[in-house]
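In: Okay, sequence plus prediction incoming.
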Amino acid sequence: MGYSALSLMGHAFRGNTQWPTLIAAPDMRTIYDIVIIGGGGHGLATAHYLAKIYGLTNIAVCEAGWIGGGNTARNTTIVRSDYLLNGSFALKHFALKLWEDLTQDLDFNIMYEPRGYIDLAHSDGELEQFELRANAMRLRGADAQILDRSALKARIPLLSLDMDKRFPVSGALFQPAGGVVRHDAVAWGFARKASQAGIHIFQNCPVTGFDISDGVLQGVQTAKGHITCKQALISVAGESSAVAGLAGINLPLNSINVQACVTEPVKPALDAVVNYNVGLSYLSQTAKGEFVLGGATDGYASFARRGSFERIEDVLARAVQMFPFLSRLRLMRHWSGTADITADGNAIVGQTPVSGLMINSGWGYAGFKATPAVGHQLAELLATGILPDLIAPFALDRFALGAEQDDAGIGPYPWLH
Ligand SMILES: Cc1cc2nc3c(=O)[nH]c(=O)nc-3n(C[C@H](O)[C@H](O)[C@H](O)COP(=O)(O)OP(=O)(O)OC[C@H]3O[C@@H](n4cnc5c(N)ncnc54)[C@H](O)[C@@H]3O)c2cc1C
């Protein structure tokens, strides 16, 4: 259907009155069964599965800013499950299964594209390690392949395999089911579905305190008023230590900047996600044709949500080693998110020392891929009180017990080693 210039102008002045509202704007009750703190993908997925699987809807989601304003829509959209340790693999692999059907489940196009995730090895030793990881993945039911240099050239023709580099490429670990998902749509899709189910979502509503009596949660204080509740979930990514601190909980994590950037759009040239493993620089091409690039963190604790040019320069230098043609593209913009990172680089999920108060944190710059699985599992914990197997390895007490989940597959966190 065509639009005349006049009808388009009419829409501009009238506003888009036919567009349905994405989420309802209810009045806040004084009592809810559960309060979810943080309206990012993880918190909203938890809300969705609480309604969908357990029929629980007397739930408030309190978001300090706007839906999709946090790391959920700041990330580089990569999903994969190429992890070595059972705990790390199982949760992300379950997530990949959920990503497959999430568009239908939410009736919202989240654009899961299993283009394949390619992790480059830069020495024969590293390639041997990748073979170990590929074997472990296959034993647990995932498809994982090792690509030698000629297979890599066939799969990614524009990848430079010149040997006269500081870190030449020896081969790669390839997970065909890895790929990208449209990140902001994930937040909106979960929010809309949860809202349609009757869950109350409040934007511009930071949680500012907790009411705790004898170690038991009684309620939360928010910018829109006090809520009495028996259970609450803190799911606030980079703000985890600050919000948990309001409940007197000292989490073993740091908040740190992670940056990403995007080039001007060009015609399709890359149909996979490729990661340069030395020092970390990874990229994929969007449906619009832009290259989205990311890399390691800025390496110092900060809540600033803006990063250094040095990190961007480093990411781009490595990206140009992979794809020399990138040097001719302009960078359009770059941005940052505050990630929350633990000493073993893995998440903290489950019960806190305050009875009734759950935590979901420590996802660093690797938590988007786990979004639906985390929500699914936390919904089970909140609805049944039983700790599901897939999140059990990420309990807070693992640091005291020495049961850390230090997994090389989570991506390098250089200051840990
Ligand atoms: C640049 C970058 C690239 C990344 N790339 C990837 C990737 O490719 N793949 C991957 O798997 N992961 C990636 N990640 C990590 C991933 O984005 C996060 O782990 C994940 O999105 C966390 O989801 P979330 O819902 O917990 O957080 P968020 O989306 O940040 O949601 C938390 C919400 O809590 C809110 N909040 C904070 N304080 C309060 C309060 N007091 N009260 C109420 N609400 C509050 C915030 O406003 C925010 O909206 C990346 C991260 C960054 C920053």
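Out: It's in.
In: Any idea what the residue of the stretch 201-350 of the chain found nearest the ligand is bridged to?
Out: Nearest to the ligand in the stretch 201-350 of the chain, going by C-beta to the nearest ligand atom, is residue 337, at a distance of 2.6 Å. In short, each C-beta sits where N, CA and C put it, glycine included. Under DSSP bridges, the beta-bridge partners of residue 337 are residue 258.
In: That one: neighbour count?
Out: If you count neighbours by other C-beta atoms under 10 Å, residue 337 ends up with 20.
In: That one contacts residue 69, doesn't it?
Out: No. Residue 337 lies out of contact with residue 69 (C-beta atoms under 8 Å); the separation is 10.0 Å.
In: on that earlier part again, wait, what's in contact with the residue of the stretch 201-350 of the chain closest to the ligand?
Out: 70, 71, 74, 75, 237, 238, 257, 258, 305, 365 (C-beta atoms under 8 Å, 6 or more residues apart in numbering).
In: which residues touch residue 22?
Out: 67, 188, 191, 192, 195.
In: quick revisit: now the buried members of the contacts of residue 337.
Out: 70, 71, 74, 75, 237, 238, 257, 258, 305, 365 (16 or more other C-beta atoms under 10 Å).
In: The second one: what's it in contact with?
Out: Applying C-beta under 8 Å, 6+ apart to residue 71 gives the contacts 40, 237, 238, 337, 338, 339, 363, 367, 368.
In: now the first one: how far from residue 358?
Out: Right, the one you point to is residue 40. Going from residue 40 to residue 358 by C-beta to C-beta, to the nearest Å gives 15 Å.
In: again with residue 42
Out: The gap separating residue 42 from residue 358 is 11 Å, by C-beta to C-beta.
In: More neighbours: the two, which one.
Out: More crowded of residue 42 and residue 358, by other C-beta under 10 Å: residue 42, with 33 against 22.
In: In a helix, the more buried one, correct?
Out: Yes. Assigned with DSSP: H, G, I helix; E, B strand; the rest coil, residue 42 falls within a helix.
In: ok so residue 226 is a strand residue?
Out: Yes. Counting by three-state DSSP, residue 226 is located in a strand.
In: that older thread, could you pick out which of the contacts of residue 337 are near the ligand?
Out: With the criterion set as C-beta under 6 Å from any ligand atom, the members of those near the ligand are 70, 71, 74, 75, 237, 258, 365.
In: Next, the residue of the chain positioned farthest from its centre: phi, psi?
Out: When distances are taken from the C-alpha mean of the chain, residue 6 lies farthest, 42.3 Å away, according to C-alpha atoms, centre = their mean. Main-chain dihedrals, residue 6, degrees, to the nearest 10: phi -70, psi -40.
In: contacting residues around the residue of the chain found nearest the ligand?
Out: Closest residue of the chain to the ligand, C-beta to the nearest ligand atom: residue 40 (1.9 Å). Neighbouring residues of residue 40 by C-beta under 8 Å, 6+ apart: 63, 68, 70, 71, 72, 187, 235, 236, 237.
In: Compare the contacts of residue 22 and tell me which is most surrounded.
Out: When neighbours are counted by other C-beta under 10 Å, residue 191 leads those with 28 neighbours.
In: That one belongs to a helix, doesn't it?
Out: Yes. Checked against three-state DSSP, residue 191 lies within a helix.
In: got the contact list for the residue positioned nearest the centre of the chain?
Out: Most central in the chain under C-alpha atoms, centre = their mean is residue 368, positioned 1.5 Å from the mean C-alpha point. Contacts for residue 368 (C-beta under 8 Å, 6+ apart) come out as 41, 71, 72, 75, 77, 78, 79, 181, 183, 186.
In: can you do 10 Å?
Out: 40-42, 71-79, 95, 180-181, 183, 186 (C-beta atoms under 10 Å, 6 or more residues apart in numbering).
In: Next: residue 287.
Out: Going by C-beta under 10 Å, 6+ apart, residue 287 touches 111, 113, 180, 182, 265, 268.
In: Please apply the same query to residue 386.
Out: Per C-beta under 10 Å, 6+ apart, neighbours of residue 386: residue 380.
In: for residue 301, same thing?
Out: Contacts of residue 301 (C-beta under 10 Å, 6+ apart): 241, 253, 254, 255, 256, 257, 338, 341.
In: Are any of those buried, and if so which?
Out: Listed as buried from the contacts of residue 301 are 241, 253, 254, 255, 256, 257, 338, 341; burial here means 16+ other C-beta under 10 Å.
In: thought residue 88 was touching residue 94?
Out: No. In this structure residue 88 lies outside contact range of residue 94 using C-beta atoms under 10 Å: 11.6 Å.
In: Need the overlap of contacts for the two.
Out: Common contact partners of residue 88 and residue 94 (C-beta under 10 Å, 6+ apart): 81, 370.
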